[in-house]
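K.L.:
here are the coordinates; sequence isn't available:
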C-alpha cells in the first residue's frame, strides 16, 4: 500500500518525545484557553488529550511528528474531500506559484480569480449568479448576512438552535451551537436574531415551521445548514427546507443556505439544498472548495447582489487576500477533479455503503447512524462519550471528531478517496473501542 490508502501504523505513544516537544512549544505560545481545553477533556475522560502534531498527509493518511501513520476520517474538518495533497491540486498550486502569488484584490484582479468566479457562478442553481470570494466559511457567511441587509433593508435574522456558522462577529451572532460562545461578546453582537428550534427528522414540517417567529416585519434573512454538522449531523425532516423557502418568500426574507460543510460533493451533490428540492437565495461555500487551501464564497442571484449598488469610491466589502491566486488555482483544480471523476456521485454511493456497514454491525452503544453522502454521525448513549471514543480511536490509528453540544455524537467525514480496506479497518477498530467502554 502507498501513503494515501495505507492502513494505520501506530508504533509509539501518542504523543511520544518528538510530538510532546511540539506540544510543549505550542502550549508556550498558543492562547492558553486552547491548552486548558485539553486539560479539561483529560479530567472529563481520564485520558490524555494532548494532540498529535501533523507533519505530512497524503490521500486519507496523516503522519505525525513521531512517525505514526493514521487514517483521517475527518478530512481536516471537511476540507480534504478529494484527499490530502491531491496531485492535481498540488500541481495547480505549483504552476500558479511559479507565475503569480498575489494581485491587487478587487482593484486589479488576477486571471485565475476571474476564472474561479465564472466557474462558481456556473455551478450555482441560478442562470444569473454573482459571487463574492473570501477565505474562510465565516467570511462567506458575513458576506451573506450583509447581502441580505442590502437586499431587503431589514436587519433581523432567523437562525436555529444548534447551528454553527463561524465565530467571527456576524456568524457568531447567528450560531446557536453553544450559548457560551456568544456570552462574552453579547453586547457587541447583532441582537435581532431569533433562534428557532431545529427539527429532528421525525418532526412534521408544519410543526417545525410553527416554531418560527410570528412577526417578520424586520426579518430580512433565514440562515440554515441543510444538515447541522457540528451539532451532530442532524438531518431535518423531508420537505423542511422547501417549507422554509416558501415562508421566506411569503415574508420578504432571503433564504441563506450554509453549504460550507455539506456542499461541493460531500453529501452526494454539488449543493445538498438543491438536491433536497430547494433553490436558495444565497449560498455560502468553503471547506472542500480549495482542496486544502483557504477559499470560500458567497453566491447569490444577480438581482440580490445588485442590491450592493455601484459605489463610486472604495468597495464597502472586500479583503486583501480575497480571491488570491493560489487559492483560486487550487479551487479550480478541485472543481475540475470533482467533475471529471464524478466524486459527488461517488460520495453518495460510498457513504451509503459505509452507513449500511455501520448499521449492520450491531455496534454496542450506537443508538443511530445518521448519514448523507460522506457525512455521518453516530449517536452514542451518553454525554461526553464521543470524547472517550475519539481518543481511543486515535490510539488505534483513526482520526474522528466528537460532535453534538453534549459530545455524544461520533462525526465522520472521510475523504471520498478513502480505501475500502481503511474503512473496514475503522469499523473493526470502532467495534473494539465500543466493546471496551
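P.N.:
All right, it came through fine. Keep in mind the model is a prediction, meaning the values are calculated, not measured.

K.L.:
Can you report phi and psi for the closest residue to residue 277 other than its chain neighbours?
P.N.:
Spatial nearest neighbour of residue 277, chain neighbours left out: residue 242 (5.4 Å); criterion: CB to CB, 6 or more residues apart in numbering. Placement of C-beta: from N, CA and C, glycine included. The phi and psi torsions at residue 242 (degrees, to the nearest 10) take the values phi -60, psi -40.

K.L.:
I'd like the distance between residue 242 and residue 129.
P.N.:
Note on residue 242: its distance to residue 129, by CB to CB, to the nearest Å, is 20 Å.

K.L.:
Break this structure down into its domains, please.
P.N.:
Using automatic domain parsing, the domain parsing of the chain gives 17-72+342-436, 87-340.

K.L.:
could you pull out the helices for the stretch 101-250 of the chain?
P.N.:
Under the criterion DSSP state H, counting those that start in this stretch, the stretch 101-250 of the chain carries helices at the ranges 111-123, 137-152, 169-173, 179-182, 205-209, 240-251.

K.L.:
I'd like the average pLDDT over the third one.
P.N.:
Read it as helix 169-173. For helix 169-173, the mean pLDDT works out to 98.

K.L.:
and that helix, how far out from the chain's middle?
P.N.:
Here helix 169-173 is found 16 Å from its chain centre; the criterion is CA atoms, centre = their mean, to the nearest Å.

K.L.:
what does the fourth one give?
P.N.:
How far helix 179-182 lies from its chain's middle: 19 Å, per CA atoms, centre = their mean.

K.L.:
Over to the last one?
P.N.:
Mean-position distance between helix 240-251 and its chain equals 24 Å (CA atoms, centre = their mean).

K.L.:
The fifth one too?
P.N.:
Helix 205-209 sits 26 Å away from the centroid of its parent chain (CA atoms, centre = their mean).

K.L.:
Would you mind listing the buried residues in it?
P.N.:
205, 208-209 (16 or more other CB atoms under 10 Å).

K.L.:
Same question for the fourth one.
P.N.:
For helix 179-182, the buried set under the neighbour-count rule, 16+ other CB under 10 Å, comprises residue 182.

K.L.:
who does that helix touch, helix- and strand-wise?
P.N.:
The contact analysis (3 or more CB pairs under 8 Å, 6 or more residues apart in numbering; DSSP states H and E) places helix 179-182 against helix 169-173.

K.L.:
Which elements pack onto the helix it packs on?
P.N.:
Partner elements for helix 169-173 (3+ CB pairs under 8 Å, 6+ apart): helix 137-152, helix 179-182.

K.L.:
To residue 292, which of the ones you listed lies closest?
P.N.:
Nearest to residue 292, of all the helices and strands packed on helix 169-173, is helix 137-152, at 14.7 Å by CB to CB.

K.L.:
residues in contact with the strand or helix carrying residue 90?
P.N.:
Using DSSP states H and E, residue 90 sits within helix 87-97. With CB atoms under 8 Å, 6 or more residues apart in numbering as the test, helix 87-97 has contacts from 82, 112, 291-293, 325-326, 328-330, 332-334, 336-337.

K.L.:
sorry, back to before: turn the domains of the chain into a markdown table, columns for distance to residue 11.
P.N.:
Shown next, in a markdown table, are these (distance: least, CB to CB, whole Å):
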| stretch | distance to residue 11 |
| --- | --- |
| domain 17-72+342-436 | 6 |
| domain 87-340 | 27 |
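
K.L.:
just so I know, which of the ones you listed lies nearest residue 6?
P.N.:
Residue 6 lies closest to domain 17-72+342-436 among the domains of the chain, at 5.5 Å (CB to CB).

K.L.:
Let me see the mean pLDDT of the closest one.
P.N.:
95.

K.L.:
For the residue nearest to the spatial centre of the chain, give me its contacts.
P.N.:
Residue closest to the mean C-alpha point of the chain, counted by CA atoms, centre = their mean, is residue 261 at 2.9 Å. Residue 261 is in contact with 78, 225, 227, 229, 287, 375, 413, counting by CB under 8 Å, 6+ apart.

K.L.:
ranking these by neighbours, who comes first?
P.N.:
Counting neighbours by other CB atoms under 10 Å, residue 413 comes out on top of the contacts of residue 261 with 30 neighbours.

K.L.:
which phi and psi does that one have?
P.N.:
Dihedral pair for residue 413: phi -150, psi 70, per degrees, to the nearest 10.

K.L.:
for the residue lying farthest from the centre of the chain, what are its contacts?
P.N.:
The outermost residue of the chain, judged against the average C-alpha position, is residue 312 (36.0 Å), by CA atoms, centre = their mean. By CB under 8 Å, 6+ apart, no residues touch residue 312.

K.L.:
Against which helices or strands is the host helix or strand of residue 349 packed?
P.N.:
Using DSSP H and E, residue 349 falls within helix 343-360. If contacts are counted by 3+ CB pairs under 8 Å, 6+ apart, helix 343-360 sits against strand 366-372, strand 375-380, helix 420-436.

K.L.:
in the stretch 201-350 of the chain, which spans are strands?
P.N.:
219-224, 254-258, 282-285, 296-301 (DSSP state E, counting those that start in this stretch).

K.L.:
ok, back up a step: using CSV, lay out the helices of the stretch 101-250 of the chain together with distance to residue 67.
P.N.:
Below are the helices of the stretch 101-250 of the chain laid out as CSV (distance: least, CB to CB, whole Å):
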stretch, distance to residue 67
helix 111-123, 37
helix 137-152, 33
helix 169-173, 38
helix 179-182, 36
helix 205-209, 50
helix 240-251, 46
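
K.L.:
Can you tell me which of those helices is most buried?
P.N.:
A comparison of these by mean neighbour count, using mean count of other CB atoms under 10 Å, puts helix 137-152 on top with a mean of 24.

K.L.:
tilt between that one and strand 254-258?
P.N.:
With axes from the mean of the first three to the mean of the last three CA atoms, to 10 degrees defining the directions, helix 137-152 sits at 170 degrees from strand 254-258.

K.L.:
Helix 137-152: how far from the chain's middle?
P.N.:
18 Å.

K.L.:
ok so, going back, what angle separates the helix holding residue 349 from strand 375-380?
P.N.:
Going by the same axes, to 10 degrees, helix 343-360 makes 20 degrees with strand 375-380.

K.L.:
Check which residues of helix 343-360 are buried.
P.N.:
343-344, 346-348, 350-351, 354-355, 357-358.

K.L.:
And stretch 396-415, by the same measure?
P.N.:
Neighbour count says stretch 396-415 has 396-405, 407-415 buried, by 16+ other CB under 10 Å.

K.L.:
ok, and for stretch 75-83, which residues are buried?
P.N.:
Applying 16+ other CB under 10 Å to stretch 75-83 flags 75-76, 78-83 as buried.
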